[in-house]
Structure formats: structure tokens, C-alpha cells
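Chemist: can't give you the sequence, but here's the structure:
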């Protein structure tokens, strides 16, 4: 870098860099470490103008990443995975080349497990089951923070990880659209479910806002409440954790207790009135453009099972194999149907493969694109033009296999993380 730049203050450099186009600013991330730090900082992102261009689409919004692990023998089973290296692999890439690395994290034993993902942030730990120390990192920018020790480090727990961040689209060129953060002061939450008893739910919650853990015993909100299902099938919206429930309602939980003054932390909203009651297991929540959405997929197998179980007196229109998406209006508290596709209108490969659905992921910006994850891979689906594209998952090779496939999406500028400690 020339000497003239060396004598400029950070404020002047930020003022210069923010006047570039998004594409040019993104290229400047690779100039040097100092420029990378400036451009990745929330203060720079907050000065960037945002332009919403809803008529453009992201070309490849989804991927799934995982670690390649070797399975070692324990006293009772082989099921004890150990990562073979620091790399993260695109699980649908035919050649399985590493795309990112976690070698910047500080564990002394050089082993870290990726537990959860949220947009482009990862939650990691040095132990797969008992988590004493967590790391939140962005493998793209190689920024990370170490969370304080949990109140119960030796207790096993189900984990939820939520990054409360929203994005705007901005036009990069005529061929594709990129998206950036429009609220750079992001907040992330880690939720540990420990146990359920007659006293209630034992939870430990970490919020980046307070940078502390809280141990709580919460009342059970509904009969037959399954906490593990609640955590694994939930999403964050407006600071609340949302999930579906077996009795067909949707529940939300307020994890930030700093200003609640004892107010009720569980809330309930009714499901869409035209959703199929007998197939709620194939319903999935998510957020697009700051709006809560729910998707339901009825397959041909589902229709046959429902008819055999409940008879043919149901309204067949509600059971027609289809993909439907509803959107929730926070002001009116009502659902509206925004997309409906009959499976017969999609290609043959989609209909042949779409049986056991594991997850449905919504794109945070593009409301027309969703990702449907199966055991064998995942479909990218554009519900506006009714197109699908299948990505097969790489299988096992000997004693090595992919452990924990996680969704990962990369915005133009990495989600920022502010270092609160200096362990390295």
C-alpha cells in the first residue's frame, strides 16, 4: 500500500471506501488486513446506502456445509466422530473440496465441532456433547468470539443458535443480485435446553446484548410440549423464538428478559386457517424480508396415508399434493397465502425424490426461493417460476463421513462480529 494511505485516519478511509460501489468495496476486502477490518466493521456497514431491488434474484443462495469426520470405537458403539481437519466442505460438491477453514479458532487440542449455523455465522465447541466453551465465528471473515463458560458445563443439552439480522438487496450487475446487512448491530442468542420436570423447563440462555448466561426455569407453555422439537424446528423473528406445536398453534418465546418486568414470555398465534391439519409434521417456519412465513408440503404419500387413516370424506382440494407458503402480517396478526404450487406442475425428479422431508429453509431476502432438504440431498425451488434443482449429498467413504450438514448462506459482506476478548 502506498505511503499516502498509511497517513490517512480510519475515519477518512471509511469515508473514501463507502463511496465505492458494492462490487468495488467487496474487492477491497482482499487488499490488506487493515482494509478488511475497516470494511467488515459495523460502523462501515451502517454508512453504506441500501437499495431494495425486489425484481432481481440471487443466483445460488443455498449450500450445505459439514465436517469430514472419522468414527472411532468407544465402549459400546462406533458413533464417536472426530473431525479429520479444520476444513468445512460443501456437502453437495462432487469433488468434496474444502471451501472454508476453522484454523483461526483457538482450541488447544486443535479439534472443534460445528454445532449450529445461522446465515453465515457458526456456533462451535471443543466437545460434541458436553459444551463448556462455545465459539461464535464467521469463517468468511475469520472473526470469532469466545462465549463465557456456561452455568452447567458438564450437563448435556439441546442447542439452539439464532442470529437476529435482516438484509437488503442491492443491484450489483445485470446478471445477479447481492445482499447486505441493513442493521449492522446484530444480536445472536444461544439457547441450551437442559431438562423438563414438574417445575418446568430448565434453560440456559446467552445473549450477545448482555454478554452473559442466564439460568431459567420456565413454565411449560402447552400440554405435550416437546422442548427438543421446539428448539430444532424454531426460528427467530423480531427478537422472539418461534416454533410450531403439535396442537397446530404456533408459539413464540421471548429470550431477552432484561426489560420484561415479569411479563408473559410465551405467546401464541393461530395457524393459517386453510393449512392441512393432518400433515402438520411437514410444516416449517422461517423468515423472509423480515416477515414470518410457514411452508407446508403435501406429498402423494401423505395424501394416501391421510385418506387411508381418516377416510375419503375430507375435502380433497385440501389434500391435493402441493407446496404452499403463508406469510404473517405482524400488524393485523393474520396469515395470507403467498404461494401455492401443485406438485404435478413440477418436474419428474422432484416428484420422485420428495418423500422424507427433513427441513425447509427460506431465503432471508428472496421470497421466491426456498431450499428443501432431504436425506439424499436438497432441492433449490423457485416457487414463482416453478423450477427445481437437485443437489445430491456426497456419501460415506470407508470410516469417514460428513457429520452434521448445516445450511450456510454468504452475503456480499460477512455478518460482523465484534471481538469482546483476545484469546489469540
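Modeler: It's in. Quick caveat: nothing in here was measured; it's all calculated off a predicted structure.

Chemist: quick one: contacts for residue 132?
Modeler: 125, 126, 149, 150, 153, 154 (CB atoms under 8 Å, 6 or more residues apart in numbering). Bear in mind the C-beta positions are built from the backbone N, C-alpha and C, glycine included.

Chemist: can you tell me the helix or strand for residue 13?
Modeler: helix 10-17 (DSSP states H and E).

Chemist: from the middle of its chain, how far away would that helix be?
Modeler: Centroid separation for helix 10-17 versus its chain: 33 Å, with CA atoms, centre = their mean, to the nearest Å.

Chemist: packing partners for that helix?
Modeler: helix 33-40, helix 42-47 (3 or more CB pairs under 8 Å, 6 or more residues apart in numbering; DSSP states H and E).

Chemist: that older thread, pipe the contacts of residue 132 into CSV and attach secondary structure, pLDDT and neighbour count per row.
Modeler: Output for the contacts of residue 132, formatted as CSV (DSSP: H, G, I helix; E, B strand; the rest coil; pLDDT from 0 to 100; neighbours: other CB atoms under 10 Å):
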residue, secondary structure, pLDDT, neighbour count
125, strand, 88, 22
126, coil, 82, 19
149, coil, 89, 12
150, coil, 89, 22
153, coil, 82, 12
154, coil, 81, 9
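
Chemist: Dump those residues to TSV, plus distance to residue 85.
Modeler: Shown next, in TSV, are these (distance: CB to CB, whole Å):
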residue	distance to residue 85
125	17
126	15
149	27
150	27
153	26
154	28
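
Chemist: of all the residues you listed, which comes closest to residue 136?
Modeler: residue 125 (10.6 Å; CB to CB).

Chemist: Which residue is the nearest non-sequential neighbour of that closest one?
Modeler: Spatial nearest neighbour of residue 125, excluding adjacent residues (CB to CB, 6 or more residues apart in numbering): residue 131 at 4.3 Å.

Chemist: distance of residue 14 from residue 237?
Modeler: Here the criterion is CB to CB, to the nearest Å. By it, residue 14 lies 32 Å from residue 237.

Chemist: These two: which has the busier surroundings?
Modeler: residue 237 (21 against 17; other CB atoms under 10 Å).

Chemist: Let me see the contact set for that one.
Modeler: Neighbours of residue 237 in contact, by CB under 8 Å, 6+ apart: 252, 287, 290, 292.

Chemist: Same question for residue 334.
Modeler: Taking CB under 8 Å, 6+ apart as the test, what residue 334 contacts is residue 328.

Chemist: Please apply the same query to residue 292.
Modeler: Residue 292 touches 235, 237, 242, 285, 286, 327, 328, 330, counting by CB under 8 Å, 6+ apart.

Chemist: Drop the exposed ones from the residues you listed and show what's left.
Modeler: 235, 237, 242, 285, 286, 327, 328 (16 or more other CB atoms under 10 Å).

Chemist: looking at it, the fourth one is touching residue 232, isn't it?
Modeler: When you say that, I think you mean residue 285. No. With contacts counted by CB atoms under 8 Å, residue 285 stays clear of residue 232, the gap being 11.7 Å.

Chemist: among the helices and strands packed on helix 10-17, which gets the worst mean confidence?
Modeler: Here these differ in mean pLDDT, and the lowest is helix 42-47 at a mean of 61.

Chemist: before we move on, the earlier item: let's have the buried ones among the contacts of residue 292 in TSV, adding secondary structure.
Modeler: Below are these laid out as TSV (DSSP: H, G, I helix; E, B strand; the rest coil):
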residue	secondary structure
235	strand
237	strand
242	strand
285	strand
286	strand
327	strand
328	strand
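
Chemist: Pick out whichever of those sits closest to residue 377.
Modeler: Lowest distance from residue 377 to these (CB to CB) belongs to residue 286, with 19.4 Å.

Chemist: give me the beta-bridge partners of the closest one?
Modeler: residue 293 (DSSP bridges).

Chemist: got the contact list for it?
Modeler: Counting by CB under 8 Å, 6+ apart, the residues that residue 286 touches are 235, 292, 293, 294, 295, 360, 361, 362, 370.

Chemist: name the helices or strands packed onto whatever helix or strand residue 372 lives in?
Modeler: Under the criterion of DSSP H and E, residue 372 resides in strand 369-374. Where contact means 3+ CB pairs under 8 Å, 6+ apart, strand 369-374 is packed against strand 357-362, strand 377-382, strand 400-408.

Chemist: Most neighbours of all the contacts of residue 286, which one?
Modeler: Result: residue 370 is most packed of the contacts of residue 286 (other CB under 10 Å), 26 neighbours.

Chemist: what pairs with that residue across the strands?
Modeler: Applying DSSP bridges to residue 370 yields these beta-bridge partners: residue 362, residue 381.

Chemist: now do residue 243
Modeler: What pairs with residue 243, by the bridge criterion (DSSP bridges), is residue 251.

Chemist: All the helices of this protein, in order from the start?
Modeler: Counting by DSSP state H, the chain has helices at residues 3-6, 10-17, 22-27, 33-40, 42-47, 227-232, 300-310, 316-319, 348-353.

Chemist: If you count neighbours, what's buried in the last one?
Modeler: Judged by neighbour count (16+ other CB under 10 Å), helix 348-353 contains these buried residues: 350, 351, 353.

Chemist: Residue 254 is in contact with residue 189, correct?
Modeler: No. If you go by CB under 8 Å, residue 189 and residue 254 don't touch, sitting 10.8 Å apart.

Chemist: Of all residues in the chain, which one is nearest the centre?
Modeler: residue 118 (3.5 Å; CA atoms, centre = their mean).

Chemist: Who is the closest residue to that residue other than its chain neighbours paired with across the strands?
Modeler: Closest residue to residue 118 apart from its sequence neighbours, by CB to CB, 6+ apart: residue 163 at 3.7 Å. Here residue 163 sits in beta bridges with residue 188, going by DSSP bridges.

Chemist: now residue 163: how far from residue 282?
Modeler: For residue 163, the distance to residue 282 - CB to CB - is 25 Å.

Chemist: So for those two, which residue has more residues nearby?
Modeler: Between residue 163 and residue 282, residue 163 has the larger neighbour count (other CB under 10 Å), namely 20 against 16.
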